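S.K.: pasting the structure only:
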């Protein structure tokens, strides 16, 4: 009887870490964006006696905000 060579599975082309290994080396580190409040403007505020807001009054705000991204890649 002629013996045939047993087929072997191909080895993976890249080495993959097992599930118990830390995978932080595969993902780049990122830092949070720096958000700065440059100014706030209050508009359409109804006052009583020039100091106290009118009960139930609405007001509008205009905010000037800057965002600085210290990361290499952009974010949305």
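M.R.: Here it is on my side, so go on. Values in this document were obtained by computation on a predicted structure and should not be read as measured data. Residues are numbered from 1 along each chain as shown.

S.K.: isn't residue 59 right up against residue 40?
M.R.: No: assessed by Cβ atoms under 8 Å, residue 59 is found out of contact with residue 40, at 11.3 Å. For the C-beta atoms, the positions are set from N, CA and C on the backbone; glycine is no exception.

S.K.: contacts only, for residue 39.
M.R.: Applying Cβ atoms under 8 Å, 6 or more residues apart in numbering to residue 39 gives the contacts 63-64.

S.K.: any idea how far residue 51 is from it?
M.R.: Counting by Cβ to Cβ, to the nearest Å, the gap from residue 39 to residue 51 is 22 Å.

S.K.: ditto for residue 36
M.R.: 30 Å.

S.K.: neighbour count for those two, which is higher?
M.R.: More neighbours surround residue 36 than the other of residue 36 and residue 51, with 9 against 6 (other Cβ atoms under 10 Å).

S.K.: what's across from the more buried one in the sheet?
M.R.: residue 66 (DSSP bridges).

S.K.: for it, give me the pLDDT.
M.R.: You'll see residue 36 listed with a pLDDT of 94.

S.K.: now do the one 3 residues further on
M.R.: Predicted confidence (pLDDT) at residue 39: the value is 95.

S.K.: what helix or strand is it on?
M.R.: Assigning secondary structure by DSSP states H and E places residue 39 in strand 34-43.

S.K.: next secondary structure after that strand?
M.R.: Taking DSSP H and E, what comes next after strand 34-43 is strand 47-48.

S.K.: quick one: strands adjacent to the helix or strand just after that next one?
M.R.: Counting by DSSP H and E, the element after strand 47-48 in chain order, helix or strand, is strand 52-53. Paired neighbours of strand 52-53 in the sheet (DSSP bridges): strand 47-48 (antiparallel).

S.K.: could you give the average pLDDT over the strand it pairs with?
M.R.: Mean predicted lDDT for strand 47-48 stands at 85.
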